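Student: would you be able to build a 3D model of this:
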Amino acid sequence: MAPKNQARDNREARERLRLYEARQGLHDRQRRRRVRDNVIGISALVAVAALATGSQLAFAGSQPDAKPSASASASASSTPTPSTSATPANTGDVPSKSIAKDSTWTGSLTLNKDVKLGIELDGKKAPQATSVEIDLIRKQFYEGTTCHRLADSDGFQFLQCGSANGDGTGDAGFQYGPIENTPSDDVYDKGTIAIARSSSTYSQSTQFFIVYGDTTLDGSTGGYTVVGKVTSGLSDLVSKITSKGISDAGSDGTGEPKVKTTITGATIKQEQ
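Tutor: Okay, the predicted model is just below:
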């Protein structure tokens, strides 16, 4: 073969090799990219699932816990101690705490149409919680919701109400803090209205509980915001609902009231 033709063939061979290597490199990069995208996609799905599960677990625990006895271990509490490393913050569109106007608010809460409770909310000692309750009542959020949890043992007597789904789960699209106006001795006096929450001090939302007998609750994780009190009708609540007991008590001694209880009305107004 002539030297000129050989040189040309060598150039063409090198070009074919270059193109082959380029295609192989492109194929390898595409393969690595697909693997990376799959990993990212799977990680994102796992993260979303974890957040969803965490939200459900947190809200399932929106409930007051009895104060443990001196002999009880720390692990006996049904909700964990909040992590001190996390920075608490409101989530969602929380009603402004200015709604309460640093004032006393009065109104009513009607259960099953025949138990009418007079209520008073303290906008001075619990401005954020009072503002949230005023906003929810004005928007008729509570009407048709249920009181799903009853505690009826000595020193542990309350009726819990206000979950969006009627079973202790669901909210109005927000959770808030901080904890306000807690009793220094962890005793929630008969007639107290307080805000339920899970382990975080910024997990308050729509649920509240009515104390119908002096109740001692665990204050080691911050306690529960006392938003107000029942001013009338508590005897009717006891005789028509709470005295009838609970169904299927859980390990903490609480359960669904035997008398199915629905909020059928709620009013609120600022005291002059």
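
Student: any stretches of the protein with poor pLDDT?
Tutor: Counting by pLDDT under 70, the chain contains low-confidence residues at 1-63, 67-86.

Student: buried residues of the longest strand seen in it, list them for me.
Tutor: Secondary structure of the chain per DSSP state E: the longest strand is strand 261-270. Within strand 261-270, the residues scored as buried using 16 or more other CB atoms under 10 Å are 261-264, 266, 268. In short, each C-beta sits where N, CA and C put it, glycine included.

Student: can you check stretch 122-129 too?
Tutor: For stretch 122-129, burial by neighbour count (16+ other CB under 10 Å) applies to 122-123, 125-129.

Student: before we move on, what about stretch 197-216?
Tutor: For stretch 197-216, by 16+ other CB under 10 Å, it's 197-213, 215.

Student: so what's the closest residue to residue 104 other than its chain neighbours up against?
Tutor: Spatial nearest neighbour of residue 104, excluding adjacent residues (CB to CB, 6 or more residues apart in numbering): residue 271 at 4.5 Å. Residues near residue 271 by CB atoms under 8 Å, 6 or more residues apart in numbering: 103-106.

Student: out of these, which is nearest to residue 181?
Tutor: Of all the contacts of residue 271, residue 181 sits closest to residue 104, with 13.2 Å by CB to CB.

Student: wait, what's in contact with the closest one?
Tutor: Shown in contact with residue 104 (CB under 8 Å, 6+ apart): 120-124, 270-271.

Student: could you say which helix or strand contains the closest residue in space to residue 149 that isn't next to it in sequence?
Tutor: Closest residue in space to residue 149, ignoring its immediate chain neighbours: residue 160 at 3.9 Å, by CB to CB, 6+ apart. Here residue 160, judged by DSSP states H and E, is contained in strand 156-161.

Student: how much space separates the nearest residue to residue 157 once chain neighbours are set aside from residue 238?
Tutor: Closest residue in space to residue 157, ignoring its immediate chain neighbours: residue 213 at 3.4 Å, by CB to CB, 6+ apart. As judged by CB to CB, to the nearest Å, residue 213 and residue 238 stand 8 Å apart.

Student: what of residue 164?
Tutor: To residue 238, residue 164 is 26 Å away according to CB to CB.

Student: number of residues surrounding residue 161?
Tutor: Around residue 161 there are 24 other residues, counting by other CB atoms under 10 Å.

Student: mind listing what it touches?
Tutor: Going by CB under 8 Å, 6+ apart, residue 161 touches 142, 145-148, 207-210, 261, 263.
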